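K.L.:
Provided below for reference: sequence and predicted model.
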Amino acid sequence: MEGVIKNFKRGRKTQTTNQMIIYPAKSKTKEDASKLIDKEVTWKSPGGKELKGKVRNFHGNSGAVRVLFETGMPGQAIGEKVEIKE
């Protein structure tokens with residue numbers, strides 16, 4: 001399943017660079033997003049590097065999920081596609 005990176009997980013004054021908010025393609029509700037918890041996520045950079053993460057929790061009521069990546073993500077990753085293994 002594919003998803004799109006929308007933003008970093010952030011607060012009012014802080015930004016967590018290894019956690020991203022992702023909108024999966026087939027997830028429209030909180031219940032759909034909760035089925036994806038503990039799934040593997042892979043992002044491939046234009047240079048060929050792969051960064052892996054894991055879905056940790058849903059985010060909001062519209063089907064978004066919060067993904068914890070192994071290392072910090074670059075800002076260029078926002079808007080890019082990721083692969084969610086089912």
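P.N.:
Good, I have the coordinates.
K.L.:
Please count neighbours and contacts with C-alpha atoms only from this point.
P.N.:
Will do.
K.L.:
And for the helix or strand hosting residue 5, what's in contact with it?
P.N.:
Element membership for residue 5, per DSSP states H and E: strand 2-10. Here strand 2-10 makes contact (Cα atoms under 8 Å, 6 or more residues apart in numbering) with 15-25, 66, 77-84.
K.L.:
so what's the residue positioned nearest the centre of the chain bridging to?
P.N.:
Central residue of the chain (Cα atoms, centre = their mean): residue 22, 3.6 Å from the mean position. In this entry, residue 22 is beta-bridged to residue 5, residue 65, by DSSP bridges.
K.L.:
thinking it is in contact with residue 69, fair?
P.N.:
No - in this structure, residue 22 is not within contact of residue 69 by Cα atoms under 8 Å, at 11.7 Å.
K.L.:
can you map out the helices along this protein?
P.N.:
30-34 (DSSP state H).
K.L.:
the strands in it, which residues?
P.N.:
2-10, 15-24, 40-44, 50-59, 64-69, 81-84 (DSSP state E).
K.L.:
Among the ones you listed, which comes closest to residue 34?
P.N.:
strand 50-59 (5.8 Å; Cα to Cα).
K.L.:
what angle sits between the closest one and strand 64-69?
P.N.:
Angle of strand 50-59 versus strand 64-69, following axes from the mean of the first three to the mean of the last three Cα atoms, to 10 degrees, is 140 degrees.
K.L.:
Please work out which residues outside stretch 67-81 touch it.
P.N.:
Stretch 67-81 is touched from outside by 2-7, 17-22, 41, 43, 45, 51-57, with contacts defined as Cα under 8 Å, 6+ apart.
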